[in-house]
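Novice: Fold the following, please.
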Amino acid sequence: MNRSLLPFCLLLAAAAGTLTARASAPRPEPAQQLQGPTDSWPTYNGDFSGRRFSPLTKISATNVGALSLAWMYRINLPQGTPAVRIAGTPLQIDGVMYFTIPDHVWAVDARTGRERWHHAWTSKGGIHLGNRGVAVAGDLLYYETPDCNLVALDIKTGAERWHKSICDLDQFYYGSVAPVVAKNHLFTGVSGDDLDIPGYLDSRDPATGELQWRWHVVPQKMDEPGSNTWPNEDAMKHGGGMTWTPVTYDPDLNLVFVTTGNPQPVVAHKNREGSNLFTGSIVALNADTGRMVWWFQSAPHDTHDWDATQTAILFDATIAGQPRKLIAQASRNGHFFVLDRTNGKAIVSKEYVKTNWSLGYNAKGEPIPNPAKEPQVDGALVSPDQSGAANWPPPALSPLTGLFYVNARRAFSVYYLYDPDDNPQGWGGTDRGGYSEAMTQAIDYRTGAVKWTHPWEGGSRAGLLVTAGNVLFTGGASNDIVALNATTGDALWHSRLNASVGNGPITFELDGRQYLVVGAGDTLWTFVMNR
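Specialist: Residues are numbered from 1 along each chain as shown. Below is the predicted model:
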């Protein structure tokens, strides 16, 4: 049986008031989802914007050192279960927290860690690399399974209501993304990187799971938009572009923003001459129809496995004296972009770590690949390496500091081409690593300039959370959760955990107390400010 661990002194404090029943706040309406959550964390990034910004201030840069452990929940599965890693972001709604690993969902009390229910899916296979979490709408909770199913559960009991197939397991797709619910749409992406299959984004009915529309990342016919960037229809239909990061959404524009993966074959590329739209891109779709409104290609004709699925964050700011609706991404290839989210036009294009693979930017602000840095039979030294300057862990943005935060790496690797054939399949090559250094970068979104850097002695690939208390939370390089000053990058506090942080931290307020939650290995850790 799973048990939460609660220190005796905190148990007494809980009995005095933390466990007092209080009226539940109503779940946020879509228009409120851009304001930042307070008493809940109702969707993957906290709100539709992707900012991972909390307006809470009870935990601040001046008192963060007083954080104490409230409870911890360790997953206890049968012996022989593959290694467990909490990679998804928990949701917290009405005092209950929901989190996942592949094939499993838990509901635990957010105040105590006591288990409410546990749902286990009987898997038919698939890649069990990770699961990024759930979505909630009304009394239904949704998650994806590695064997290509979208499952709806009763939020109170964990009982299955229905499930729908969303991809073909026989083609080696798998499900890992956290769904997102907006309006009357349930947005689900797909994963699968190795066998030259096309990526897509689905919009489904939240009540039934029935398909409303499907947008393919790569064109399926030669007369479709973007088909002129592929040599033929066969190359397009096998062109990749997976959609394995949760989308962001603007309710005023009614646009859903999807970031897309790398083209396939992944490293060998002779059979896909051209920029390979709409892989490696930020794409704006009409939420009701799936019609593409605009696109911007962060990684044209990628040959290094630099999928551009990093979260694209929405925010409003004044640029050159004019109020603008903006979207920003720190892409895996080492370049930072700020676009006008009404039309996709670039405002800022700049490196956020030093790279060596591009020849500058084209008229649209997109990087121009250097052919000399494509994989070679005898090797090409490239920076960044295959894991990228950034990867999937979510970034954050603070409207108070004007900074975009991302955990980054500068790394060098030699890229080799194994399959020089004119029609390669699969990967057809790989890289071999060398020097690397890790850091948290704080980027001025108005200019793209790096305002401060916090170096890590080792690696840090955790997600980020920033608050109005001027605190930036992330995972450190020593199996710890770390608080940095959001304005300066100075270290403020850290606490050792059982493993490295595997997800993005969240925060919320219950009973007048602000909580901080983070996953590390097989354990969910929850801290509280009792002052």
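Novice: List phi and psi for Asp288.
Specialist: phi -90, psi -30 (degrees, to the nearest 10).
Novice: nearest residue to it other than its sequence neighbours?
Specialist: Spatially, and ignoring its direct neighbours in sequence, Asp288 is nearest to Asn254 (6.7 Å; Cβ to Cβ, 6 or more residues apart in numbering). C-beta here means a position set from N, CA and C on the backbone, and glycine is covered the same way.
Novice: In contact with that neighbour, which residues?
Specialist: Residues in contact with Asn254 (Cβ atoms under 8 Å, 6 or more residues apart in numbering) are 183, 286-288.
Novice: Now the buried members of the residues you listed.
Specialist: Ala287 (16 or more other Cβ atoms under 10 Å).
Novice: Restricted to strands, list the contacts of Asn254.
Specialist: Asn286 (DSSP state E).
Novice: Looking at the contacts of Asn254, which is nearest Ile347?
Specialist: Nearest to Ile347 among these is Asn286, at 22.7 Å by Cβ to Cβ.
Novice: ok, Phe315 to Pro395 distance?
Specialist: 12 Å (Cβ to Cβ, to the nearest Å).
Novice: Give me the more crowded residue out of those two.
Specialist: Neighbours were counted for Phe315 and for Pro395 using other Cβ atoms under 10 Å; Pro395 has more, 28 against 22.
Novice: which one is the more buried one nearest to, not counting chain neighbours?
Specialist: In space, Pro395 is closest to Val406, 4.3 Å off (Cβ to Cβ, 6+ apart).
Novice: Against which helices or strands is the strand or helix carrying Ala483 packed?
Specialist: Using DSSP states H and E, Ala483 sits in strand 480-485. Applying 3 or more Cβ pairs under 8 Å, 6 or more residues apart in numbering; DSSP states H and E, one finds that strand 480-485 contacts strand 471-475, strand 491-496, strand 513-520.
Novice: packing partners for the second one?
Specialist: Strand 491-496 makes packing contacts with strand 480-485 when contacts are defined by 3+ Cβ pairs under 8 Å, 6+ apart.
Novice: Pull up the pairing partners for the strand it packs on, direction included.
Specialist: Looking at strand 480-485 with DSSP bridges, its partner strands are strand 471-475 (antiparallel), strand 491-496 (antiparallel).
Novice: Relative to the whole chain's centre, how far out is that strand?
Specialist: Here strand 480-485 is found 20 Å from its chain centre; the criterion is Cα atoms, centre = their mean, to the nearest Å.
Novice: follow-up on the earlier one: how near is the residue nearest to Asp288 to Thr157?
Specialist: Between Asn254 and Thr157 the distance is 34 Å, computed by Cβ to Cβ.
Novice: Could you do Pro198 as well?
Specialist: From Pro198 to Thr157 the distance is 37 Å (Cβ to Cβ).
Novice: higher neighbour count, these two?
Specialist: Pro198 (22 against 13).
Novice: Identify the residues contacting that one.
Specialist: Contact partners of Pro198, counting by Cβ under 8 Å, 6+ apart, are 216-218, 220, 236-241.
Novice: Make sure it is indeed in a strand.
Specialist: No: assessed with DSSP: H, G, I helix; E, B strand; the rest coil, Pro198 is coil; it does not lie in a strand.
Novice: ok, and the closest non-adjacent residue to it?
Specialist: Distances taken as Cβ to Cβ, 6+ apart place Val218 nearest to Pro198, at 5.0 Å, with adjacent residues excluded.
Novice: That neighbour in helix, strand or coil?
Specialist: Following three-state DSSP, Val218 is assigned to coil.
Novice: Relative to Val267, how far out is the closest residue to Ala346 other than its chain neighbours?
Specialist: By the measure of Cβ to Cβ, 6+ apart, the closest residue to Ala346 outside its immediate chain neighbours is Gly365, 2.8 Å from it. Using Cβ to Cβ, we find Gly365 at a distance of 26 Å from Val267.
Novice: Also Thr38?
Specialist: 46 Å.
Novice: Name the residue in these two with the higher neighbour count.
Specialist: More neighbours surround Val267 than the other of Thr38 and Val267, with 25 against 16 (other Cβ under 10 Å).
Novice: Pull the contacting residues for the residue nearest to the more buried one when sequence neighbours are not counted.
Specialist: Residue nearest to Val267 in three dimensions, not counting chain neighbours: Gly429, with 3.4 Å by Cβ to Cβ, 6+ apart. The contact partners of Gly429, by Cβ under 8 Å, 6+ apart, come to 266-268, 375, 415-419.
Novice: circling back to that earlier point, just put the strands paired with strand 480-485 in TSV and tack on mean pLDDT.
Specialist: Shown next, in TSV, are the strands paired with strand 480-485 (pLDDT from 0 to 100):
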stretch	mean pLDDT
strand 471-475	98
strand 491-496	97
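Novice: isn't Leu67 right up against Thr526?
Specialist: No: using Cβ atoms under 8 Å, Leu67 is not in contact with Thr526; the gap is 10.4 Å.
Novice: So the two - more neighbours on which side?
Specialist: It is Thr526, of Leu67 and Thr526, that has more neighbours when counted by other Cβ under 10 Å, with 24 against 21.
Novice: any low-confidence regions in the stretch 401-531 of the chain?
Specialist: Across the stretch 401-531 of the chain, no stretch falls below the confidence threshold (pLDDT under 70).
Novice: low-scoring pLDDT stretches of this structure, where are they?
Specialist: In the chain, residues with pLDDT under 70: 1-35.
Novice: For it, just list every one of the helices.
Specialist: Secondary structure of the chain by DSSP state H: the helices cover 8-13, 233-237.
Novice: What is the shortest one packed up against?
Specialist: This means helix 233-237. Against helix 233-237 (3+ Cβ pairs under 8 Å, 6+ apart) you get no helix or strand.
Novice: Convert the C-alpha atoms of that helix to CSV, please.
Specialist: Taking Å, rounded to 0.1, in the frame of the first residue of the first chain, the C-alpha atoms of helix 233-237 are listed here in CSV:
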residue,chain,number,x,y,z
GLU,A,233,5.0,13.0,-51.7
ASP,A,234,6.6,9.9,-50.3
ALA,A,235,9.2,12.0,-48.5
MET,A,236,6.4,14.2,-47.0
LYS,A,237,4.3,11.3,-45.8
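Novice: Which residues does that helix contact?
Specialist: 198, 218-222, 227, 230, 271-272.
Novice: among the residues you listed, which ones are buried?
Specialist: The neighbour-count test (16+ other Cβ under 10 Å) marks 198, 218-219, 227, 230, 271-272 as buried among those.
Novice: residues near the nearest residue to Lys270 once chain neighbours are set aside, how many?
Specialist: Excluding the flanking residues, the one nearest Lys270 by Cβ to Cβ, 6+ apart is Asp422, at 5.2 Å. Residues lying near Asp422 (other Cβ under 10 Å) number 8.
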